[in-house]
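>>> turn this into a model:
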Amino acid sequence: MIQSPEQFFGRRKEVSRVLSRIGGQRPQSVSIVGERRIGKSSLLFHLTWPQVRKHYLGQDDDLLVIFFDLQQLHDLPPEEFLLLLSDRIRKTAGDVSAGTAGGGYQEFQTVLEQLTAKGRRLVLLFDEFDAITSNPLFRKEFYSFLRSMANNHAVSYVTSSRVELQALCHSTEIADSPFFNIFSNLYLRPFERSEAVDMITMPSREAGQPLECYADQIVDMAGYLPFYLQIACSACFDWLDENRGEPLNVEAVEARFLEESGPHFEYLVDHLGEDQIQVLMALGNGNQPRIEQMATARRLVRDGYLVESAKDQYRLSSRLFARHLVERTAVEKGRRNGQSGASGSRVLRAGDRLEQYEVLAKIDEGGMGYVYQARDSVLGRKVAMKIIRPELLETETLRKRFLQEARLAAGLNHPAITAVYELIEHEEVVVLIMEWLEGKTLKQKIREEGRIHWKQVIRWASQAAAGLEAAHRHGIIHRDIKSANLFLTPAEQLKILDFGLAKNVAPISASALTHELSAAGMVIGTIDYMSPEQACAERVDHRSDLFSLGIVCFEALTGALPFHRNSAAASVDAILNHPAPDLALYEVEGAERVEPILNRLLEKNPGRRYQSAAQLEKDLNDLLKPRRFGWFR
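Got it, this is the predicted structure:
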């Protein structure tokens, strides 16, 4: 999300239209509708700047504009939501007092009455409003109340969503509410050519590295969707800045662009309809849509994936998206025809043997491979056997890299780290033989029991920090700390799982590793638990694990993930740009004790986080020590 008016480009007509509606004496409500990454949140936030409103409206001294990111509040009931909203309005207005004791509905109405009495107009900008409409806790009376407030006070709502609001409602009764009749829809479309050129040329010119002469190549790479244009501009600018005086290496710039945009392309392909995929594939292979596909093609033009070059003649707006689509389809076709996977990827059954290990049962299956319970016939003990999917280690570089990391992890010896006994290369298969554990993961415990008392969370976090410190001292970072990778034994001992899949930081740069693993289709880390530097594919060090551990602590304390959103891209945006919600919103006992540590763990800037797991472990243990006046609660 763009949070500076100087970095906001284009959308002049859309900004003017929204402000003309909300800036009237009787403000009108607007629903901004557009595909993901089209710039809805940026447009909403742009409206909060007084200088922007003054440019379009002249004076707006009596206009109070408040931005609200609803994704952070997706599990709050209506009463608490309205109380929180009222509190934000009071703090922003500065001259509105708290109402008498009462619920959220009464408090919100009291605040609006005070604003009306002062001659002030209120505009509430609700980003990702579908977090409300899809929440069954928000019933018909909530929407009737909001409509009544808009009818009786100078208040308007501006919402953002991927589709029309009614389509996102959790019931037909809600979709039929008259509340939605107060909105006029504003559809965000791809940039026009002039807007795209402004985005390419103006910031780069101010930064001293003009990109005007590369505008056609950037548009060819990215198309006219603002998000992809930003990525392409950044890739081009960075390459030129690092290689001053050299002609642009288009292939290198495209590789940088695909490194960042590839996961988003994957998301698009996974969420487009089959009819849309067929049209895109036809064009990717040089064929025009058939007559019966023209309506689909026009929808794809509207959403920014196609450009109409002549009457009923189309092309993909991004050449690299077209290439990605064709390559992915070819890979999937090969897999369906049995051209990938290899014999080593077959599923084992009870009784099968691999060297001295006899398979007892299949336990789990995930993106990395299969996990079995097995018996070591030599030592007579149960072990866990993890078979890595061969397609994840297709290149010799990746295979050597993985084996090196697994051997390093096998050398770790700490009570909080699951022991790796042996590494086996059997035909094309890589197998990790690990300590067998009884118990459950922290993720399972949270799902079964809900939020966990803060003192227990601190104890487990201290054990995890001790294990991470032991690994970090050997130059190994985990990269995928999450509640599903923290195991709890019946004796309440925490064990960190999957250090065999960790990354040693010394022999290879983060960018090279990211490129190799991305090429193989491997996701390093789980999005909801990623650090900002992981999400940006930047170099990662041990402090990334500490950020992820902070997310786990938040999840255990509240039962919720602080940066989880409706899509992977929105989650990444939250990790990069939004603070974690206050623990007070979840009424966490001991919040005032835990929050200073948690806030430091979740610092976006690694330099402001804990600089070592040992430092974190000390603070956690100090938190549990009895104080002079006894135990605090």
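>>> list of residues touching the helix or strand hosting residue 107?
Assigned by DSSP states H and E, residue 107 falls within helix 104-117. Residues from elsewhere that reach helix 104-117 (CB atoms under 8 Å, 6 or more residues apart in numbering): 64, 78-83, 85-86, 89-90, 93, 96-100, 102, 121-122, 145, 149, 153-155. Every C-beta, even on glycine, is put in place using the N, C-alpha and C of the backbone.
>>> list the buried ones in that helix?
Under the neighbour-count criterion of 16 or more other CB atoms under 10 Å, helix 104-117 has 104, 105, 106, 107, 108, 109, 110, 111, 112, 114, 115 buried.
>>> residues making contact with stretch 598-605?
532, 546-547, 549-551, 553-554, 557, 562, 576, 579-580, 583, 608-610, 616.
>>> and the residues you listed, which are buried?
Neighbour counting over the contacts of stretch 598-605 (16+ other CB under 10 Å) leaves 532, 546-547, 549-551, 553-554, 557, 562, 580, 583, 609-610, 616 as the buried ones.
>>> out of those, who's nearest residue 430?
residue 549 (27.4 Å; CB to CB).
>>> check the closest one and give its pLDDT.
Looking at residue 549, its pLDDT reads 97.
>>> so it touches residue 464, yeah?
Yes. Counting by CB atoms under 8 Å, residue 464 is a contact partner of residue 549 at 5.8 Å.
>>> which neighbours do the two share?
residue 481.
>>> tell me the SS of residue 166?
Here residue 166 is helix, with the state taken from DSSP: H, G, I helix; E, B strand; the rest coil.
>>> if we can go back for a sec, in helices, which of the contacts of helix 104-117 fall?
Among the contacts of helix 104-117, the residues falling in helices (DSSP state H) are 78-83, 85-86, 89-90, 93, 145, 149.
>>> next, format these as JSON lines and append pLDDT.
Below are the ones in helices among the contacts of helix 104-117 laid out as JSON lines (pLDDT from 0 to 100):
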{"residue": "78", "pLDDT": "89"}
{"residue": "79", "pLDDT": "90"}
{"residue": "80", "pLDDT": "88"}
{"residue": "81", "pLDDT": "89"}
{"residue": "82", "pLDDT": "91"}
{"residue": "83", "pLDDT": "90"}
{"residue": "85", "pLDDT": "89"}
{"residue": "86", "pLDDT": "90"}
{"residue": "89", "pLDDT": "90"}
{"residue": "90", "pLDDT": "88"}
{"residue": "93", "pLDDT": "86"}
{"residue": "145", "pLDDT": "93"}
{"residue": "149", "pLDDT": "93"}
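>>> just the C-alpha atoms of the helix holding residue 107, please, in PDB.
C-alpha atoms of helix 104-117 as PDB (Å, rounded to 0.1, in the frame of the first residue of the first chain):
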ATOM      1  CA  GLY A 104     -20.900   0.100  21.100                       C
ATOM      2  CA  TYR A 105     -24.000   1.100  19.200                       C
ATOM      3  CA  GLN A 106     -24.900   3.800  21.800                       C
ATOM      4  CA  GLU A 107     -21.300   5.000  21.900                       C
ATOM      5  CA  PHE A 108     -21.000   5.400  18.100                       C
ATOM      6  CA  GLN A 109     -24.300   7.200  18.000                       C
ATOM      7  CA  THR A 110     -23.200   9.600  20.700                       C
ATOM      8  CA  VAL A 111     -20.000  10.400  18.900                       C
ATOM      9  CA  LEU A 112     -21.800  11.200  15.700                       C
ATOM     10  CA  GLU A 113     -24.300  13.400  17.500                       C
ATOM     11  CA  GLN A 114     -21.400  15.400  18.900                       C
ATOM     12  CA  LEU A 115     -19.800  15.800  15.500                       C
ATOM     13  CA  THR A 116     -23.100  16.900  14.000                       C
ATOM     14  CA  ALA A 117     -23.600  19.400  16.700                       C
END
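>>> what pLDDT, on average, does it get?
90.
>>> which among the contacts of helix 104-117 count as buried?
Here, 16+ other CB under 10 Å leaves 64, 78-83, 85-86, 89-90, 93, 96, 99, 121-122, 145, 149, 153-155 buried among the contacts of helix 104-117.
>>> next one: the spatially closest residue to residue 378 that is not a sequence neighbour from residue 375, what distance?
Nearest in space to residue 378, with sequence neighbours left out and distances taken as CB to CB, 6 or more residues apart in numbering, is residue 356 at 4.8 Å. Note on residue 356: its distance to residue 375, by CB to CB, to the nearest Å, is 9 Å.
>>> the more surrounded of those two?
For residue 356 versus residue 375, the count of surrounding residues by other CB atoms under 10 Å is larger for residue 375: 18 against 15.
>>> CA atoms only: put stretch 457-465 into PDB for me.
Provided in PDB are the C-alpha atoms of stretch 457-465 (Å, rounded to 0.1, in the frame of the first residue of the first chain):
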ATOM      1  CA  VAL A 457       3.600 -19.400  26.200                       C
ATOM      2  CA  ILE A 458       6.600 -17.700  27.700                       C
ATOM      3  CA  ARG A 459       8.000 -21.000  29.000                       C
ATOM      4  CA  TRP A 460       7.700 -22.600  25.600                       C
ATOM      5  CA  ALA A 461       9.100 -19.500  23.800                       C
ATOM      6  CA  SER A 462      12.100 -19.600  26.200                       C
ATOM      7  CA  GLN A 463      12.800 -23.300  25.200                       C
ATOM      8  CA  ALA A 464      12.400 -22.400  21.500                       C
ATOM      9  CA  ALA A 465      14.800 -19.400  21.900                       C
END
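>>> fine by me, thanks again.
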